[in-house]
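A.B. asks: Below are the sequence and a predicted model for it; my questions follow.
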Amino acid sequence: MGFPASLPPRIPVSQYPDMLNLAWTIPLFPLTACAVLIFFGARLYRRYGETVGWIGVAGIGATVPLALGCLSELIMGVAPAGGQIAWAHLGQVTLTVGYYVDALTAVMLVMVAVVATCIMVYSIGYMHGDEGYSRFFAYMSLFCFAMFTLVLSNSLLLLYVGWELVGLCSYLLIGFWFERKVAADAAKKAFITTRIGDVGFAIGILILFGYVPTLQYADVFAAAEHGMIPSATLAVATLFLFCGAIGKSAQFPLHVWLPDAMAGPSPVSALIHAATMVAAGVFMVARLFPLFYAAASAPLLFGLSPLLIVGFIGLITALMAATLGVVQTDIKRVLAYSTISQLGYMMTTLGLGAVGFTAAVFHLITHAFFKSLLFLGAGSVMHGCNDETNMFKMGGLARKMPYTYWTFWVGALSLAGVPLFAGFFSKDEMLSAAWTRAHGEVIYWLFFLGLEAAAFLTAFYMGRACFLTFSGRPRSHEAEHAHESPPAMTVALMILAFFAVFMGWIGAPWLGGNLFHKFVYFTPGIHAAGHAAPASFNWVVAGISTAMALGGLLAAASIYLWKIVPVDLVKKPLYPLYVAAKQKYYFDTVYDIFVVWGTLGVAHLCRLIDTYIIDGLVRGVGWIVPAVISQACRLVDTYVVDGLVNYIVLLGCLT
């Protein structure tokens, strides 16, 4: 991470509290809470009841001042800091485990700490009465430990450790209610699908390990910048690394696990979709951006560079998931496809090169706040409606759940990109980056137009969700008897709603430029041919994106609130697309046939071969050998031994 010259000169760490040098302790707090809850949670729960959940809250809450301290020191001009924690000598290779805190790390630390703390407080009320109460907070604490480890890592080795840990935690939490088949199946699906991407991620690390045995970021980046890694090899390695992001961040075609992950408790969904699991993929691409940038001149598939492949995968994901979000009836699934689409937005922007780097990271941060708000709001709706998730069975909740209603709308307007909300500023930066590149290279017009289309669809499906859920009259018994959530839940919603409004203001043009860009400014070491500087706020792009957001909300209101446009009027011309979207474009069907059924078919074939051929041969040998030997012995005994005895007896008689 570099800093623009306009910032004050860097000041030695010793002149400030050593927060940066204490950053390595951040993961220890949630890890300690996890250990206490794992070993003593059940006993403490029997004695003190649900106050045991505050152990998990304290474990993650303690990280907030440390994370803010690291951020404040970097803002004041302190140089990024890091250090080694442990090392091991393996022959001629020395592998180290350490931490590194720069601007990217600091903003991620603050985001994870604040969002996770709000989610944990919310969980105190949401998980009330659950039999696995202490186990839930133990798993959530472990999840936060894994994400902090991933973010603080100074090498690909420790990054991979944290990467696999967040995968394990997602499996444990998605399948938290494992006695329910749908939850157990969703957990297995998430684990297996992300493992496919992780295989590619591991291969990419191993390719780099052949050239840079330390695997530390600084050494790997220097090797890439100075040509120590052949460009073609580097391009292949980055493509394999991106496979890991495709799995973790649910990009096309490995996006299928994320909607099913809704089977876990709503706080789990909020944590996965906002601050941990899916954020890890975008963070990884951002952290390893120098490698993708250095490989930009090496074409791979169809002459596309690794960054362009990242961009096109993101664009396909953004549009595909947005169309899927339009046809969902489950409120949490709408938000799940929204997350996939927004992650596609970020990947598309990273694919633009250095001009889009800070915009993608900015949206990753703002998205964490308003998306966690939306998922917790959906959980509050479910809590008040006796776990009902079908939006067509809701309605009229605005009067019965006023805090949930207003905070959910704040999150929805931020996600839609309505002006003055956080999502408006970060989304505008991404669209401005695409606009900037499009005026230099025609191919990037696809990126800009595709992202604008996704923006319209985003506003439409969020307006649809809000109108169906909160407006009109109750359409079911559950909605008729809905009630507001307890204070532990609504307070968390209000805190996140505050950030969903004001978090984006650090990118407001009236503050003299995007302050986030000035802080998290990336200089990859290889200049971007005129595109190294981040895109600035663009009033033309802001006007277009505002029109898209308001147009989407107006279209949703016309159909689902005012009902002046019949649903069939829109559905009939697009009926084939509607059917395909309802079937999730048949991805699950194809995977069931070629992956699930194919794997089971191969397993069944192997069982038949093992049972009837291999075991048959063994049993045949076991039957034939004794039979042959016994028959041979009988013949020898009858005709040889007995013959000799009879011959000897006969000779004795004759003599």
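C.D. replies: Arrived safely, thanks for sending. Fair warning: this is a prediction, and the values are worked out from it, not measured in the lab.

A.B. asks: rest of the way, CA atoms for contacts and neighbours
C.D. replies: Noted.

A.B. asks: Could you count how many residues lie near residue 627?
C.D. replies: By the measure other C-alpha atoms under 10 Å, the count of residues near residue 627 is 12.

A.B. asks: should've said residue 561
C.D. replies: Using other C-alpha under 10 Å: residue 561 sits among 18 other residues.

A.B. asks: separation between the nearest residue to it once chain neighbours are set aside and residue 216?
C.D. replies: Nearest residue to residue 561 in three dimensions, chain neighbours excluded: residue 467, at 5.9 Å (C-alpha to C-alpha, 6 or more residues apart in numbering). Using C-alpha to C-alpha, to the nearest Å, one gets 50 Å for the distance from residue 467 to residue 216.

A.B. asks: Same check on residue 41?
C.D. replies: 38 Å.

A.B. asks: next one: residue 545
C.D. replies: Taking C-alpha to C-alpha, one finds residue 545 at 40 Å from residue 216.

A.B. asks: How about residue 595?
C.D. replies: The value you get for residue 595 to residue 216, if C-alpha to C-alpha is used, is 36 Å.

A.B. asks: again, but for residue 262
C.D. replies: Residue 262 is 36 Å from residue 216, by C-alpha to C-alpha.

A.B. asks: Averaged pLDDT, the strand or helix carrying the residue nearest to residue 561. What do you get?
C.D. replies: Assigned by DSSP states H and E, residue 467 belongs to helix 444-470. Averaging pLDDT along helix 444-470 yields 94.

A.B. asks: Pull out the buried positions in it.
C.D. replies: Within helix 444-470, the residues that qualify as buried are 444-445, 447-448, 450-470, counting by 16 or more other C-alpha atoms under 10 Å.

A.B. asks: doesn't residue 293 fall inside a strand?
C.D. replies: No - remark: residue 293 does not belong to a strand; assigned using DSSP: H, G, I helix; E, B strand; the rest coil, it is helix.

A.B. asks: My read is that it contacts residue 351, right?
C.D. replies: No - using C-alpha atoms under 8 Å, residue 293 is not in contact with residue 351; the gap is 9.5 Å.

A.B. asks: Residue 545 and residue 216: which is more packed in?
C.D. replies: Just comparing residue 545 and residue 216: by other C-alpha under 10 Å the higher neighbour count belongs to residue 545, 26 against 21.

A.B. asks: mind listing what the more buried one touches?
C.D. replies: Residues near residue 545 by C-alpha atoms under 8 Å, 6 or more residues apart in numbering: 417, 428, 452, 455.

A.B. asks: rerun at 10 Å
C.D. replies: 416-419, 424, 427-428, 431-432, 451-453, 455-456, 539, 551 (C-alpha atoms under 10 Å, 6 or more residues apart in numbering).

A.B. asks: could you check the angle helix 444-470 makes with the helix or strand containing it?
C.D. replies: Assigned by DSSP H and E, residue 545 belongs to helix 539-560. With axes from the mean of the first three to the mean of the last three C-alpha atoms, to 10 degrees as the basis, helix 539-560 and helix 444-470 are set at 40 degrees to each other.

A.B. asks: Mind checking what helix or strand follows helix 539-560 in sequence?
C.D. replies: Assigned by DSSP H and E, the successor of helix 539-560 is helix 567-571.

A.B. asks: for that following helix, packing partners?
C.D. replies: helix 539-560, helix 575-582 (3 or more C-alpha pairs under 10 Å, 6 or more residues apart in numbering; DSSP states H and E).

A.B. asks: most neighbours per residue, which of those helices?
C.D. replies: helix 539-560 (a mean of 19; mean count of other C-alpha atoms under 10 Å).

A.B. asks: gap between that helix and the chain center?
C.D. replies: The gap between where helix 539-560 is centred and where its chain is centred comes out at 28 Å by C-alpha atoms, centre = their mean, to the nearest Å.

A.B. asks: Dump the C-alpha coordinates for that helix into PDB.
C.D. replies: Only the C-alpha atoms of helix 539-560 are listed here, as PDB (Å, rounded to 0.1, in the frame of the first residue of the first chain):
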ATOM      1  CA  TRP A 539     -21.500  14.000 -11.800                       C
ATOM      2  CA  VAL A 540     -22.600  12.600 -15.200                       C
ATOM      3  CA  VAL A 541     -22.200   9.000 -13.900                       C
ATOM      4  CA  ALA A 542     -23.800  10.000 -10.600                       C
ATOM      5  CA  GLY A 543     -26.800  11.300 -12.600                       C
ATOM      6  CA  ILE A 544     -27.100   8.100 -14.700                       C
ATOM      7  CA  SER A 545     -26.800   5.800 -11.700                       C
ATOM      8  CA  THR A 546     -29.400   7.900  -9.700                       C
ATOM      9  CA  ALA A 547     -31.800   7.600 -12.600                       C
ATOM     10  CA  MET A 548     -31.300   3.800 -12.600                       C
ATOM     11  CA  ALA A 549     -31.900   3.600  -8.900                       C
ATOM     12  CA  LEU A 550     -35.000   5.800  -8.800                       C
ATOM     13  CA  GLY A 551     -36.300   4.100 -12.000                       C
ATOM     14  CA  GLY A 552     -35.900   0.600 -10.400                       C
ATOM     15  CA  LEU A 553     -37.700   1.700  -7.300                       C
ATOM     16  CA  LEU A 554     -40.500   3.400  -9.300                       C
ATOM     17  CA  ALA A 555     -41.000   0.300 -11.400                       C
ATOM     18  CA  ALA A 556     -41.200  -1.900  -8.300                       C
ATOM     19  CA  ALA A 557     -43.700   0.600  -6.700                       C
ATOM     20  CA  SER A 558     -45.800   0.600  -9.900                       C
ATOM     21  CA  ILE A 559     -46.200  -3.200  -9.800                       C
ATOM     22  CA  TYR A 560     -46.200  -4.100  -6.100                       C
END
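
A.B. asks: Now do it, average pLDDT.
C.D. replies: Rounded mean pLDDT across helix 539-560 is 94.

A.B. asks: gap between the closest residue to residue 284 other than its chain neighbours and residue 223?
C.D. replies: Closest residue to residue 284 apart from its sequence neighbours, by C-alpha to C-alpha, 6+ apart: residue 245 at 7.1 Å. According to C-alpha to C-alpha, residue 245 and residue 223 sit 22 Å apart.

A.B. asks: Who has more neighbours out of those two?
C.D. replies: Of the pair residue 245 and residue 223, residue 245 is the one with more neighbours under other C-alpha under 10 Å, namely 28 against 18.

A.B. asks: doesn't residue 346 make contact with that one?
C.D. replies: No - taking C-alpha atoms under 10 Å as the definition, residue 245 is not a contact partner of residue 346, at 11.7 Å.

A.B. asks: Now do the shared contacts for those two.
C.D. replies: 282, 310.

A.B. asks: can you pull the contacts of the residue minimising distance to the centre of the chain?
C.D. replies: Centroid-nearest residue in the chain: residue 278, 1.1 Å away (criterion: C-alpha atoms, centre = their mean). Counting by C-alpha under 10 Å, 6+ apart, residue 278 makes contact with 166-167, 245-251, 258, 271-272, 339-340, 343.

A.B. asks: give the contact list for the spatially closest residue to residue 460 that is not a sequence neighbour.
C.D. replies: Nearest residue to residue 460, sequence neighbours excluded (C-alpha to C-alpha, 6+ apart): residue 552, at 4.1 Å. Residues in contact with residue 552, defined by C-alpha under 10 Å, 6+ apart, are 416, 453, 455-464, 546, 558.

A.B. asks: Longest helix of this protein, counting residues only.
C.D. replies: helix 354-384 (DSSP state H).

A.B. asks: And the next helix or strand past that helix?
C.D. replies: By DSSP H and E, the next helix or strand past helix 354-384 is helix 397-400.

A.B. asks: what's that following helix in contact with?
C.D. replies: 381, 384-385, 404-406, 466-474, 479-484.

A.B. asks: try 8 Å this time
C.D. replies: Residues contacting helix 397-400 (C-alpha under 8 Å, 6+ apart): 404, 405, 469, 470, 471, 474, 479, 482, 483, 484.
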